[in-house]
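1. 3D, please:
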Amino acid sequence: MQGYFALILHAHLPFVRHPEHEKFLEESWLFEAVTETYLPLLQVLEGWARDGVTGRLTLSLSPTLCTMLTDPLLQGRYERHLRGLIELAEKEIRRTHWERAFHELAWMYHHRLTGLRDTWRAYDGNLVAAFRKFQDAGRLEIITTAATHALLPLLGHHAPTLRAQILTARDHYRAWFGRDPRGFWLPECAYAAAIEPFLQEANIRWFVVDAHGLLHAEPRPRYGVFAPVFTPDGLAVFGRDPESSRQVWSRHEGYPGDLRYRDFYRDIGFDLDFDYVRPYLPSPDHRGFTGLKYYRITGGTGAKEPYQRAAALQAAAEHAGHFLNARVAQIQKLARAMDRPPIIVAPYDAELFGHWWYEGPEFLDYFVRKAAFDQNTFALITPDDYLREHATHQVARPAPSSWGEEGYYRVWLNETNAWIYPHLHAAQERMTELARKFVDPPPLLERALKQAAREVLLAQASDWPFILRTGTSPDYARRRVKDHLVRFLTLYEQLRKRRVDARWLREVEQRDAIFPDINVAYWA
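-> Modelled structure (predicted):
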C-alpha cells in the first residue's frame with residue numbers, strides 16, 4: 001500500500017430529554033438521527049461483516065448521545081415514533097394508489113422502515129451495544145469527545161472545567177465500552193494548547209484539527225496535513241484533508257447537491273392535509289418533518305420532480321467511484337514526495353450521511369466496498385492504527401483553530417450568544433468552590449453536589465450557542481442555558497446553607513439524568 005485513508009464520523013446530539021412532556025419537539029432530533037443515520041450505518045456495517053469487506057472506520061460517539069441512546073424513556077418513545085412512521089407509510093400506500101411514482105416511493109419507505117425496525121429489535125434497541133460489538137470485532141475504533149460537547153478553548157481560562165469535561169467523558173467511555181479511548185474528538189475541532197494536559201491525564205493518544213490548525217503550526221509541518229505531528233506534550237495531531245472535505249461538504253461542488261438526490265426540505269408533513277399528518281408530526285400543534293419525502297432536488301425555481309430511487313443510487317455509486325479515484329490519485333502523488341506513507345484524514349458529521357444526505361449511507365457502502373476490492377493503492381485504517389505502524393513524527397504546536405465559520409470560534413462567541421459566557425464562568429468558579437468545600441459530604445449533600453456538576457456541564461454544551469447563532473431553535477437553546485444555570489445556582493445556595501430540598505432535588509435528578517457516577521473531585 002502506498003498510503004492510507006482514515007474516515008472519521010462524528011456522531012453527536014445535545015442531551016434532550018423531557019419526561020415532563022408526553023411528546024416534545026426537540027426529542028425528534030434524536031429520533032430522526034436514529035432512523036436516518038445510526039440504524040442505516042449499523043446495517044452497512046453488518047453488510048461489510050457478512051461479505052468480508054476489510055477496512056476500518058473511526059466513529060466518535062458523544063457521551064450525551066450515548067446516554068440518550070440507552071435511556072429507557074427515549075428508547076420507548078423512539079419505538080412509538082417508528083411505529084407511527086410505519087403506520088404513516090401504510091396509509092400512504094393506500095392514498096397514492098393511483099399516483100404511480102409516489103406509490104412506489106411509499107412502498108420503498110415502508111420496506112425501509114420495517115427493515116430498520118428489524119435492526120432495532122435485533123439489538124434490543126441498544127445501539128451503543130451494537131456499535132461496541134463492531135469495535136470488539138475490530139471493524140470500528142470508537143472515540144469519545146467532551147462530556148457535553150463544550151467548546152473547550154472558550155472555557156480554557158478555568159482548568160478544572162477542562163479537566164471535568166475531558167475526564168468525565170473518559171469515565172463514561174470506560175463504562176460503555178470496557179476500555180479507555182485512544183482518540184478524542186475536539187468539539188467543533190476547536191483546539192487550544194490549554195486542553196492538552198487534561199487529554200494527557202485521560203491517556204488520550206490523538207486528536208484531529210482542521211487543516212489550517214495544522215498548516216499554521218509552529219514550526220510548519222513538513223508534510224502538511226498528510227502526516228501527523230506530535231505536540232511538545234506528546235499528543236499526536238492529525239489534520240483534516242481539504243480536498244476530500246470539499247468534495248462532500250462544498251455547497252457548490254459537494255456530492256449531496258446532485259439533482260438526482262432526495263430533497264431534504266420537501267416533506268409530506270408540509271404538503272398534505274394537516275389533520276392527516278398531525279399524529280405523526282414531531283409536535284402535534286405545528287407542521288414539521290415526517291421523513292417521508294417524494295421529491296428530488298431538481299434544481300432551479302420550477303416545480304419539483306418526483307424522487308427516483310434507482311437514479312439516486314446510481315448517483316451515489318458514481319460519486320463513490322469518483323471519490324475513490326480522487327483518493328487514489330491523491331495518494332499516488334503524495335507517496336512520490338514523502339518518506340513515509342501519507343494518510344488522508346476525512347472527518348464528517350455522521351448525521352450528514354442519511355439525515356441531511358439521504359443516500360449518504362449508500363455512498364459510504366459503495367466507497368468502502370470499492371476501496372476494498374477495486375484498488376490496491378491505499379488501505380482504510382484509523383489514526384491509531386497509523387500511529388502503531390509509524391511511530392516517529394515531527395514535533396510542532398498546532399494553531400488555535402476550529403472547523404467553524406472563518407476557522408476559529410466566531411460561531412460560538414458572537415453578538416447572539418456572548419451573554420452566555422460570563423454566567424458560565426461564574427458557575428464554573430462556584431462549582432470549584434463547592435468541590436473544595438465538600439470533601440466527604442453526607443449522602444443528600446453528595447447527591448446535590450453531583451447534580452450541580454451535571455447542571456454546569458449541560459449548560460456548557462456548544463450546541464446552545466450554535467443554535468443561537470444559526471437561529472434554528474433559539475428560544476429553546478436560550479431556555480436550556482438559563483434553566484441549567486438557575487438549577488445550578490439553586491443547588492449552590494442550598495449547599496452553602498446545608499439545606500437541600502430533597503423532593504425538588506429528586507425531580508431535577510429525574511429530568512437531567514446523565515452521568516450517574518460523576519466525580520465532583522474533578523472540579524477541585
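2. Surely I143 is in a helix?
-> No: secondary structure of I143 (DSSP: H, G, I helix; E, B strand; the rest coil): strand, not part of a helix.
3. Make sure it is actually in contact with S60.
-> Yes: I143 is in contact with S60 according to Cβ atoms under 8 Å; the separation is 4.9 Å. Every residue, glycine included, has its C-beta placed from N, CA and C.
4. With neighbour numbers in mind, choose between those two.
-> I143 (27 against 24; other Cβ atoms under 10 Å).
5. Contacts only, for that one.
-> Counting by Cβ atoms under 8 Å, 6 or more residues apart in numbering, I143 touches T58, L59, S60, L61, P181, R182, G183, F184, W185.
6. same thing with A175?
-> D517.
7. for this structure, which spans come out with low pLDDT?
-> In the prediction, the chain carries residues with pLDDT under 70 at positions 251.
8. what packs against the lengthiest strand in it?
-> Ranked by number of residues, the top strand in the chain under DSSP state E is strand 3-11. Secondary-structure packing of strand 3-11 (3 or more Cβ pairs under 8 Å, 6 or more residues apart in numbering; DSSP states H and E): strand 57-61, helix 309-335, strand 343-349, helix 360-373, strand 378-380, helix 383-389.
9. Same question for it: list its buried residues.
-> G3, Y4, F5, A6, L7, I8, L9, H10, A11 (16 or more other Cβ atoms under 10 Å).
10. how far away is the nearest residue to the fourth one once chain neighbours are set aside from S250?
-> Closest residue to A6 in three dimensions, ignoring its sequence neighbours and counting by Cβ to Cβ, 6 or more residues apart in numbering: V345, at 4.8 Å. When distance is defined by Cβ to Cβ, to the nearest Å, V345 is 18 Å away from S250.
11. Name the residue in those two with the higher neighbour count.
-> A side-by-side neighbour count of V345 and S250, using other Cβ under 10 Å, places V345 first with 26 against 12.
12. you'd agree the more buried one is up against V225?
-> Yes: contact criterion Cβ under 8 Å: V345 and V225 qualify, at 7.0 Å.
13. any residues in contact with both of those two?
-> With Cβ under 8 Å, 6+ apart as the test, V345 and V225 both reach F238, G239, R240, D241.
14. Check those residues and tell me the two furthest apart.
-> Maximum pairwise distance among the shared contacts of V345 and V225 (Cβ to Cβ): 9.5 Å, between F238 and D241.
15. what is in contact with those two at once?
-> Common neighbours of F238 and D241 (Cβ under 8 Å, 6+ apart) are V225, V345.
16. Let me know the outermost residue of the chain.
-> Residue farthest from the centre of the chain, counting by Cα atoms, centre = their mean, is W98 at 40.6 Å.
17. still on that earlier bit, closest one to W120 among the helices and strands packed on strand 3-11?
-> Using Cβ to Cβ, the nearest of the helices and strands packed on strand 3-11 to W120 is helix 360-373, at 15.5 Å.
18. Packing partners of that closest one?
-> strand 3-11, helix 39-51, helix 309-335, strand 378-380.
19. for it, the distance to its chain's centre please.
-> 21 Å (Cα atoms, centre = their mean, to the nearest Å).
20. ok, now which ones touch E429?
-> H158.
21. one more time with 10 Å, if that's ok
-> For E429, the contacting residues are H158, P160, T161, W523, by Cβ atoms under 10 Å, 6 or more residues apart in numbering.
22. distance of it from L113?
-> 49 Å.
23. Kindly report the same for A326.
-> 34 Å.
24. Show me which of those two is the more surrounded one.
-> With neighbours defined as other Cβ under 10 Å, A326 and L113 compare such that L113 has more, 22 against 14.
25. Please, which helix or strand holds that one?
-> helix 100-122 (DSSP states H and E).
26. Using neighbour counts, pick out the buried residues of that helix.
-> 102-106, 109-110, 112-113, 116-117, 119-120.
27. Among those residues, pick out the one closest to R296, please.
-> L105 (10.5 Å).
28. which residues touch that closest one?
-> 89, 92-93, 96, 99, 262, 292-295, 306-309.
29. Check K450 too.
-> Going by Cβ under 10 Å, 6+ apart, K450 touches L491, E509, F515, P516, D517, I518, N519, V520.
30. cool, E405 as well?
-> V411, W412, N414, R469.
31. what's the distance between the last one and P422?
-> When distances are taken as Cβ to Cβ, R469 and P422 turn out to be 18 Å apart.
32. for A164, same thing?
-> Counting by Cβ to Cβ, the separation of A164 from P422 is 19 Å.
33. Looking at these two now, which is surrounded by more residues?
-> Applying other Cβ under 10 Å to A164 and P422 shows that A164 carries more neighbours, namely 31 against 9.
34. For the closest residue to that one other than its chain neighbours, list the residues it contacts.
-> Leaving aside its sequence neighbours, A164 sits nearest to Y522 (Cβ to Cβ, 6+ apart; 4.1 Å). Listed by Cβ under 10 Å, 6+ apart, the contact partners of Y522 are 147, 160-168, 171, 198, 201, 431-432, 435, 453.
35. Using neighbour counts, give me the buried entries of the residues you listed.
-> 147, 160-168, 171, 198, 431-432, 435, 453.
36. isn't L45 right up against G138?
-> No: with contacts counted by Cβ atoms under 10 Å, L45 stays clear of G138, the gap being 11.8 Å.
37. Between the two, point out the one with more neighbours.
-> L45 (23 against 8).
38. Okay, the nearest residue to the more buried one once chain neighbours are set aside and G55: tell me how far apart.
-> Spatial nearest neighbour of L45, excluding adjacent residues (Cβ to Cβ, 6+ apart): F134 at 5.2 Å. Using Cβ to Cβ, we find F134 at a distance of 12 Å from G55.
39. shared neighbours, these two?
-> W48.
40. the more surrounded of these two?
-> F134 (20 against 17).
41. Please report phi then psi for that one.
-> phi -70, psi -30 (degrees, to the nearest 10).
42. Tell me how far it lies from T470.
-> From F134 to T470 the distance is 33 Å (Cβ to Cβ).
43. circling back to that earlier point, so which of the helices and strands packed on strand 3-11 is nearest Q460?
-> Using Cβ to Cβ, these put strand 57-61 closest to Q460, at 18.2 Å.
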